[in-house]
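Chemist: build me a model:
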Amino acid sequence: MEQNKSFISPFFSFNLTVIFGIIIGIFVNEISTEARPVSSFLFAPTLYIVSSVLAASVRLVLWLILEKGTMFEIKHVFMYMLRDIIVINAVILSTLSFIFLWETYV
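Modeler: The predicted structure follows:
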């Protein structure tokens, strides 16, 4: 099975980090209030730290379970982990943007 090397393909493929990003985006929207709007979460580094740790943890668990933790693939695991961190943060921002537009115009 040949893997796709494109940087854009993770944004359009099924991935656990995408699902977690959507869930985190919906959760952040649900816990926001008048006193603490969504923008306060967007400017706080906590959101991005939590999502990055979640993406890295999911990648490490998949590496240990599916690839049995082989060390000759550790470089690829770090590359995939970095890609997952970028993807989950982009999905969170996209989900929050979609919810904002939906609530504003519909």
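
Chemist: all helices of this structure, in order?
Modeler: Remark: helices assigned in the chain by DSSP state H are 9-12, 16-31, 38-42, 45-66, 74-105.

Chemist: low-confidence regions, this protein specifically.
Modeler: Within the chain, the stretches with pLDDT under 70 are 1-14.

Chemist: what do you get if the cut-off is 90, keeping everything else the same?
Modeler: Applying pLDDT under 90 to the chain flags residues 1-18, 34, 58-80, 106.

Chemist: spatially central residue for it, please.
Modeler: Centroid check for the chain by CA atoms, centre = their mean gives Ile88 as the closest residue, at 1.4 Å.

Chemist: next up, the contacts around it.
Modeler: Thr17, Val18, Phe20, Gly21, Ile24, Ser51, Ser52, Leu54, Ala55 (CB atoms under 8 Å, 6 or more residues apart in numbering). Every residue, glycine included, has its C-beta placed from N, CA and C.

Chemist: tell me which two in those are the farthest apart.
Modeler: Every pair in these was compared (CB to CB); the two farthest apart turn out to be Val18 and Ser52, at 14.8 Å.

Chemist: from Leu62, how far off is the residue nearest to the centre of the chain?
Modeler: Between Ile88 and Leu62 the computed distance is 14 Å (CB to CB, to the nearest Å).

Chemist: ok, Ile24 next?
Modeler: From Ile24 to Leu62 the distance is 18 Å (CB to CB).

Chemist: neighbour-wise, which of the two wins?
Modeler: More neighbours surround Ile24 than the other of Ile24 and Leu62, with 20 against 14 (other CB atoms under 10 Å).

Chemist: many thanks, I have nothing further to ask.
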